[in-house]
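**Student:** Coordinates for the following, if possible.
(chains A, B and C)
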Amino acid sequence: MRRGGCCGVGFALVCACTTTELLAQPPALTPPTQANYMLNCMGCHVADGSGAAGKVPSLRDTLVPLAMSPAGRRFLVQVPGASQSSLSDLELAQLLDWMVRNLSARAVPPDFVDFTAAEVARYRRYPLVDVRGTRARLLAATWERFGTMSGTASGARR
Amino acid sequence: MHTSAVRGLSVGLLLGVGAGVSHYACAQLPPEPVKVEQLATPPKPHWVWVNDIGFFAFPDGRAFLVDGDAGALLGMLSTGYSFNAVVPSRSSQLIYAPESYFSRGTRGTRTDVITIYDAIHLLPLGEIAIPPKRASIMPMLAGAALTDDDRFLLVYNFTPAQSVSVVDTRARKFVGEVETAGCALVYPTGPHTFFSICGDGALLVTTLTDTGQVAGRTRTAVLFDVMKDPVTEKGVRLGTSWLFASFEGIMHPLRQTPASVEAEATWPLFTPQELTQHWRTGGLQHLAVHSPSRRLFAIVHQGGPETHKDLGGEVWVYDLSTHKKVQTIVMRNKIGSIQVSQDPQPLLFACSLESNRLDVYDATAGRYLRSVDSLGQTPTVLVTP
Amino acid sequence: MHNPIDDLVERLARGMARRVSRRHFIGGFGALLFGAGAVPLLPVARGESRPPAQGTATDPGDPRTCEYWRHCAIDGFLCSCCGGSVHSCPPGTEASAVTWLGTCHNPADGHDYIVSYNDCCGKSECGRCLCNRNEDDKPLYVPGKSNDYNWCAGSQVGIAYHCSTARIAGLAK
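**Tutor:** Okay, the predicted model is just below:
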């Protein structure tokens, strides 16, 4: 983000506008974790996690099933978009928790355990090469508890 | 004029002409049939392909073949939507071009093909259908490449999922797609191996079987710091080494090993003094190598951080054995792409997105020779055949 | 040989080179100026002949210019010059949901906004108001931070790139 010479102009404008305008509607700050979702994930997975049909898989159906098993949780950290992001281990843990609780179309089970920075650090050390295959195997393994997934690799929308 | 005088004058003229150079009186320009030129084979060392994505007309990608000595256009190819670059085969008989087309120009059904062109007649011999996923990007040589045995053509895909399409050029068919999640582009390292660069600064090395299937994929360790000083994608190859430059001008040599790729010691393009003067390397194709003399050419400019795509007014030449700068070539025009011919008396070719002109220099003397203008709309990357 | 078409292309190309911004994949058009920081405010982007707009007190500047505050990370043709706006696509084009985002400082209220540069797709390039900047840009192997991709790849109509918007998505701080 470039501030440079714009600051001078900005001050002039702030001084020139009316008090009423300034006080009318202070903008609401986006919570930092949600802001991290926007800057690191929303570009492809879109605001509600539903992705783009045929191009980007939907997260809405699969976050909960994956977050309920160690292998699934490992996948959520190791998937390149997550593991290769510039987020710290703690920020990534908080982001995954936020995603499970806010983007899932499924109810979050009471036995869901929050991600921790230590857990994320452990998984993140081993990057994943076979992403598509691993995802398919993991989702197949969760069908017993969660039924069949509509969030398939082809990104079908729920 | 009086009629008889005219007649006399005419006769006189005819006689004069006839008496002078007598064969002209009977010579006439013979009618000419239209013929179609064809190119010499093998290609001359001073030829270069100027690829043009056509930034204001993406459906009309082109590649221009220029004779650097004659300063002439020899011919061109029409290469479709958001065109990257031609991939000449080492046999020199064929040119591959990964191309994309919409059935209605900018809409309708998208079809991606590898068009196989005859290098002598510049005509399509055939095409190989590939998944319509070819990455639509700022042109880069690493967008598509042949394996070292020329057998497999690799095409980087982005949908935004990342993968590589593998095409068997012998069987002339698409044989499979390699998932390269988190990693981009293709850099060949052997008959059936290549690497891609991953978002964490590691490399993904892929090995193919004799039929182009995936034999293995392994990641190296992290080789550079992506957040602090990433390398540009515009790596160049010298023998069994790939050379990448970082945003801040640090060279990262990567050496091929039988199974993988290893990082060698980095070295800086700029001295501490030059860094205080804000020298940086930048451009769309900012590096080139002359293999016989082991010299590296780099476009440089003076600018702040994140000017790695800025045009430059000079090309600095480095001896790859000593890592020292040995020459400065001042450019006549600001440029963003360079390429060097591989013969003993090399030419340095240079162009930019801002002009449809190719500049030609004597690479050894560092002397401007000539320009070839009117080459398409927005020339991007330069490829020697 | 003097060719009026070459003159036109050359003039267009040089005019667009004097722009700065970011993201989309049309990088490399001489992103000048911003390295040193001492940047003169540029005139209205080429291709737009109306007098510059002042904007509002809370959203200052002219979205048809490269210097407009939201364009800190844009790279492409400005939809505001193409029949669209910073948050709308021109008629007959489709917004790509898949996109790149940046964080830009609003000089009027002092806040940093999250800006989403959704491309509009499905037609040939608009060709007006090209704006290019490489702030916080990363190479292709970090796709989410790379302006060298045609992000229309993520649209349903496909890679026919027309122009780029600069939509407010959130407020960073």
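
**Student:** what's the helix or strand for residue B:332?
**Tutor:** In the assignment (DSSP states H and E), residue B:332 maps to strand B:324-335.

**Student:** and that strand, does that touch chain C?
**Tutor:** Yes. Counting by Cβ under 8 Å from any Cβ of the partner chain, chain C is contacted by strand B:324-335 at residue B:334. From N, CA and C alone the C-beta is placed, and that goes for glycine too.

**Student:** Partner strands of that strand and their direction?
**Tutor:** Partners of strand B:324-335 in the sheet, by DSSP bridges, are strand B:312-319 (antiparallel).

**Student:** Just the CA coordinates for the partner strand, please, in PDB.
**Tutor:** Coordinates of each C-alpha in strand B:312-319 appear next as PDB, following Å, rounded to 0.1, in the frame of the first residue of the first chain:
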ATOM      1  CA  GLY B 312      15.700  -0.600 -18.000                       C
ATOM      2  CA  GLY B 313      18.100   1.500 -20.000                       C
ATOM      3  CA  GLU B 314      21.200  -0.700 -19.700                       C
ATOM      4  CA  VAL B 315      22.200  -4.300 -20.000                       C
ATOM      5  CA  TRP B 316      25.000  -5.500 -17.700                       C
ATOM      6  CA  VAL B 317      27.000  -8.500 -18.700                       C
ATOM      7  CA  TYR B 318      28.600 -10.900 -16.100                       C
ATOM      8  CA  ASP B 319      31.200 -13.600 -16.400                       C
END
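
**Student:** What are the contacting residues of that strand?
**Tutor:** Under the contact criterion Cβ atoms under 8 Å, 6 or more residues apart in numbering or on different chains, strand B:312-319 has outside partners B:269, B:281-283, B:286, B:294-301, B:324-331, B:334-336, B:338, B:348, B:350, B:363, B:366.

**Student:** Show me just the buried residues among these.
**Tutor:** B:269, B:281-283, B:286, B:295-301, B:325, B:329, B:331, B:334-336, B:338, B:348, B:350, B:363 (16 or more other Cβ atoms under 10 Å in any protein chain shown).

**Student:** Now do the strands in chain C.
**Tutor:** C:75-77, C:94-95, C:101-105, C:112-116, C:119-121, C:130-132, C:161-164, C:167-171 (DSSP state E).

**Student:** do you know which of the ones you listed lies nearest residue B:204?
**Tutor:** Closest approach to residue B:204 among the strands of chain C is made by strand C:101-105 (25.8 Å; Cβ to Cβ).

**Student:** The closest one and chain A, any residue contact?
**Tutor:** Yes. Using Cβ under 8 Å from any Cβ, strand C:101-105 comes into contact with chain A via C:101-105.

**Student:** hey, where'd the helices end up in chain A?
**Tutor:** For chain A, the helices defined by DSSP state H cover A:6-16, A:19-24, A:32-37, A:43-45, A:63-67, A:70-78, A:80-83, A:89-103, A:117-124, A:131-141, A:143-146.

**Student:** I would like the residues contacting the fourth one, please.
**Tutor:** What it means is helix A:43-45. A:51-52, A:56, A:59, A:81, B:160, C:98-101, C:116, C:144, C:154.

**Student:** Can you tell me which of those residues is nearest residue A:96?
**Tutor:** Among those, and counting by Cβ to Cβ, the member closest to residue A:96 is residue A:59, at 10.5 Å.

**Student:** What is the burial count for the closest one?
**Tutor:** Residue A:59 has 24 neighbours, counted by other Cβ atoms under 10 Å in any protein chain shown.

**Student:** isn't it right next to residue A:47, touching?
**Tutor:** No. Using Cβ atoms under 8 Å, residue A:59 makes no contact with residue A:47, being 11.5 Å away.

**Student:** Quick check: which ranges of chain A have low pLDDT?
**Tutor:** Where chain A drops to pLDDT under 70, the residues are A:1-27, A:149-158.

**Student:** Next, work out how far apart the residue nearest the centre of it and chain B are.
**Tutor:** In chain A, the residue lying closest to the centroid (Cα atoms, centre = their mean) is residue A:37, at 4.5 Å. Residue A:37 sits 17 Å away from chain B when distances are taken as Cβ to the nearest Cβ, to the nearest Å.

**Student:** near chain B, which residues of chain A?
**Tutor:** Counting by Cβ under 8 Å from any Cβ, chain A sits next to chain B at A:44, A:55-56, A:79-81, A:83-84, A:86, A:127-132.

**Student:** With that, I have no additional questions.
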